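Visitor: Give the three-dimensional model of this entry:
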Amino acid sequence: MTPQALERRRHVRRAMQLPVALYAHAREDGGTRICLGRIRDASPGGIRVEINSRCDLKNGATVFVYAMPGEIHDGYGLPVEIRAEVVWLDKEGRNIGMKVE
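Guide: Coordinates of the predicted model:
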């Protein structure tokens, strides 16, 4: 990452490997996109998710991210819902940067 990109960030990112499911409504066909992946890093302002396969998301899409924190994988915890907006995708569409709303 370039020094300029690091200077633009307002919050420090924390590396992680948290499994998630992404749900996004497609404007074109009205269908729902569901993708599985992992949050790779997070900050108070956003998250980066690496997905298992292409999800055909676009910049500006609203996405609901459902995460199960590791401490409550005993079957009693509830998933955490994160509402986010897609702000960037890599060329392959496998890494997605999202602004947390």
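
Visitor: which residue is nearest the middle of this protein?
Guide: The centroid of the chain falls nearest to Val49 when counting by C-alpha atoms, centre = their mean (4.0 Å).

Visitor: Quick check: what element follows the lowest-mean-pLDDT helix or strand in the chain along the chain?
Guide: For the chain, counting by mean pLDDT, DSSP states H and E, helix 3-8 ranks last in confidence among helices and strands (a mean of 53). Later in the chain than helix 3-8, the nearest helix or strand by DSSP states H and E is strand 14-25.

Visitor: So what touches that next one?
Guide: 31-43, 49, 51, 55, 57, 61-70, 86, 96 (C-beta atoms under 8 Å, 6 or more residues apart in numbering). (Glycine included, C-beta is placed from N, CA and C.)

Visitor: Recalculate using a threshold of 6 Å.
Guide: When contacts are defined by C-beta atoms under 6 Å, 6 or more residues apart in numbering, strand 14-25 is touched by residues 32-39, 41-42, 57, 61, 63-67.

Visitor: Check stretch 45-64 too.
Guide: 10-11, 22-24, 33, 35-41, 83-86, 93-100.

Visitor: now the end-to-end length of it.
Guide: Stretch 45-64 has an end-to-end distance of 15 Å (criterion: C-alpha to C-alpha, to the nearest Å).

Visitor: just stretch 22-31 next, same as before
Guide: OK, stretch 22-31 end separation, C-alpha to C-alpha: 14 Å.

Visitor: for it, what is the average pLDDT?
Guide: Stretch 22-31 carries an average pLDDT of 74.

Visitor: Check stretch 41-60 too.
Guide: pLDDT averaged over stretch 41-60 gives 91.

Visitor: Return the distance of that stretch from the chain's centre.
Guide: In this view, stretch 41-60 has its centroid 3 Å away from the chain centroid, taken as C-alpha atoms, centre = their mean, to the nearest Å.

Visitor: Stretch 90-101 too?
Guide: Centroid displacement of stretch 90-101 relative to its chain, using C-alpha atoms, centre = their mean, is 6 Å.
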